[in-house]
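K.L.:
Prediction below, plus the sequence it came from.
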Amino acid sequence: MLFAAEKGRKEIPLVHAGGVVNGASFVPAPDNFVAPNSIVSIFGVDLALRTQAVTSDTLEGGKLPLRLGGITVNIGGQQAPLYFVSPTQINAQLPANLTPRPQPWELTIVREGLSDPPAAKSDVFVREAAPGLFPVVAHVDFSVVGRGDPAGSWPATPGEVVILFGTGFGPSQPPVDTGQLPPFAASTQLPHRVFIAGQELAPEQVLYFGQAPLFAGLQQVNIVLPEALATGDYEVQVEVAGAMSQTGVLIAVDGRLE
């Protein structure tokens with residue numbers, strides 16, 4: 001059923017060229033590769049008739065819903081779980097069993113309110129791993145690492161444990177079902193490394209690399225910052241199965257002795 005304000009709106013949904021991207025990095029085409037079970041963002045025009053985000057009331061059997069705001073997203077003969085829909089952006093999770101391949105998968109968006117609704121379509125290039133990092137680093141209490149922006153954030157210190165968040169890290173053990181909000185940790189199975197300012201961290205400095213509990217499609221990386229870091233803002237990247245996350249994610253460090 002359409003809301004009153006939506007009646008009469010018949011615009012056909014359209015996905016921008018190269019409009020399906022990693023939901024953490026937003027890396028544009030032609031490098032907009034994504035991975036099974038990852039969060040993706042879809043950009044376009046008239047994708048949905050209203051803006052709606054997933055809530056506890058819209059979960060389906062404890063999983064992300066397959067329909068939200070009158071929208072369904074389909075790829076590889078499956079419906080993709082949804083986090084958020086709006087006229088210009090949809091956030092979804094790719095199916096865990098979507099096979100990586102050289103040729104693209106076709107993603108379609110079907111919107112309610114259209115008779116014999118045409119589907120917005122886009123090519124999606126799926127790799128085994130396509131890591132992206134969200135531009136947020138956290139202390140172990142999940143407060144934000146920063147220099148007062150956002151308000152209340154503060155820098156990390158050398159030797160501190162901090163948390164990175166990302167998506168597109170590939171399969172985990174134990175496996176996590178598509179749309180599941182897992183109440184457990186699950187380690188990434190593909191080879192992985194972490195770099196700060198271009199220098200690889202020692203394996204013992206990477207405490208955890210895998211599924212973030214209670215969040216569908218979200219991965220987290222717990223690392224110990226090197227003791228030798230001086231005050232500065234340091235770029236951090238992760239590599240999974242030879243694929244590197246985007247540049248530009250920074251960790252603010254205060255190396256001054258108290």
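P.N.:
Yep, that arrived. Because the structure is a prediction, the values reported are computed rather than measured.
K.L.:
Return the distance of stretch 167-178 from the chain's centre.
P.N.:
12 Å (C-alpha atoms, centre = their mean, to the nearest Å).
K.L.:
Can you give me the buried ones in that stretch?
P.N.:
Within stretch 167-178, the residues scored as buried using 16 or more other C-beta atoms under 10 Å are Thr167, Gly168, Phe169, Gly170, Pro171, Ser172, Val176, Thr178. No exception for glycine: its C-beta is placed from N, CA and C like everyone else's.
K.L.:
and the first one, bridged to which residues?
P.N.:
Counting by DSSP bridges, Thr167 forms beta bridges with Gly132.
K.L.:
Pull up the gap between it and Glu160, please.
P.N.:
For Thr167, the distance to Glu160 equals 24 Å [C-beta to C-beta, to the nearest Å].
K.L.:
So for Lys121, what's the nearest residue that isn't a sequence neighbour?
P.N.:
Excluding its sequence neighbours, the residue lying closest to Lys121 (C-beta to C-beta, 6 or more residues apart in numbering) is Thr108, at 5.2 Å.
K.L.:
Would you check that the one you found makes contact with Ile75?
P.N.:
Yes: using C-beta atoms under 8 Å, Thr108 is in contact with Ile75, at 7.4 Å.
K.L.:
who has more neighbours, those two?
P.N.:
Higher neighbour count among Thr108 and Ile75: Ile75, with 21 against 15, using other C-beta atoms under 10 Å.
K.L.:
For that one, give me its contacts.
P.N.:
Leu94, Pro95, Leu98, Trp105, Glu106, Leu107, Thr108, Val124 (C-beta atoms under 8 Å, 6 or more residues apart in numbering).
K.L.:
Considering the residues you listed, which possesses the most neighbours?
P.N.:
Leu94 leads these on contacts (other C-beta under 10 Å) with 30 neighbours.
K.L.:
Contact partners for that one?
P.N.:
Residues near Leu94 by C-beta under 8 Å, 6+ apart: Val34, Ala35, Pro36, Asn37, Ser38, Val40, Ile75, Ala80, Val124, Val126, Thr178.
K.L.:
Show the model's pLDDT score for Ile12.
P.N.:
For Ile12, the pLDDT comes out at 80.
K.L.:
Pretty sure it sits in a strand.
P.N.:
No: counting by DSSP: H, G, I helix; E, B strand; the rest coil, Ile12 falls outside a strand, being coil.
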